[in-house]
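**Q** Okay, predicted coordinates and the sequence, questions at the end:
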Amino acid sequence: MPRSNSAELITLRVNIVKELREKWKRERERNPFVNEHFGGFVNELLHDILEKDEFLKHYAPFLSEEGCTRDTLYIKDYKENRVTEIHLNNNKLYCTLCTSFDCFHIQFAMATPRVAKLNIENRTLDSDLEEEGQQVKRITNQKRRKNSFSKA
Ligand SMILES: [Zn+2]
């Protein structure tokens, strides 16, 4: 397939491509209007994310994501001039500022991609971090060994 001049090659992680392909197949089965080219499907998916960000800016211009930990999403409310903490409480999102399960902050949180990081992915996060930690340890040990050889 000829590549257009306005296209750019980027590298995607193998496991991400696998997940995207599975999503593409599932969606094509359900919806005949889903892009018939995998690359087109991925481009549209990314474009949708950018559009959603734009939508959120217009829908809630006084709210912004301030960051997250494994169990808390921090949202700054410029109207109230306060930061609220959103976390899972019995598998439901809970806003500490409003002491509510269904306020505007919850609606905003639901529309952010980071909401998916709350609790559910702890196990994969842990194993990723563990693997990265092990790699750093191996590299450091190799360097130490080399240094001790060169000194000897
Ligand atoms: Zn709230």
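**A** Yep, that arrived. Numbering: from 1, shown residues only.

**Q** interface residues of the protein facing the ion?
**A** By the criterion of CB under 5 Å from the ion, the positions of the chain lying close to the ion are C95, L97, C98, C103, H105. (C-beta placed from N, C-alpha, C; glycine too.)

**Q** Out of the residues you listed, list just those in helices.
**A** H105 (DSSP state H).

**Q** okay if I get the residues of the chain next to the ion as TSV plus pLDDT and neighbour count?
**A** Output for the residues of the chain next to the ion, formatted as TSV (pLDDT from 0 to 100; neighbours: other CB atoms under 10 Å):
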residue	pLDDT	neighbour count
C95	98	24
L97	97	15
C98	97	15
C103	97	17
H105	97	24
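
**Q** and which of the residues of the chain next to the ion is nearest to E8?
**A** Comparing those against E8 with CB to CB places H105 closest, at 36.8 Å.

**Q** Which residue comes closest to the closest one once chain neighbours are left out?
**A** Excluding its sequence neighbours, the residue lying closest to H105 (CB to CB, 6 or more residues apart in numbering) is C95, at 4.6 Å.

**Q** Can you read off the backbone torsions of E27?
**A** phi -70, psi -30 (degrees, to the nearest 10).

**Q** sec struct for the nearest residue to it once chain neighbours are set aside, please.
**A** Excluding the flanking residues, the one nearest E27 by CB to CB, 6+ apart is V34, at 4.7 Å. Following DSSP: H, G, I helix; E, B strand; the rest coil, V34 is assigned to coil.

**Q** Name all residues that make contact with V34.
**A** Counting by CB atoms under 8 Å, 6 or more residues apart in numbering, V34 touches W24, E27, R28, F41.
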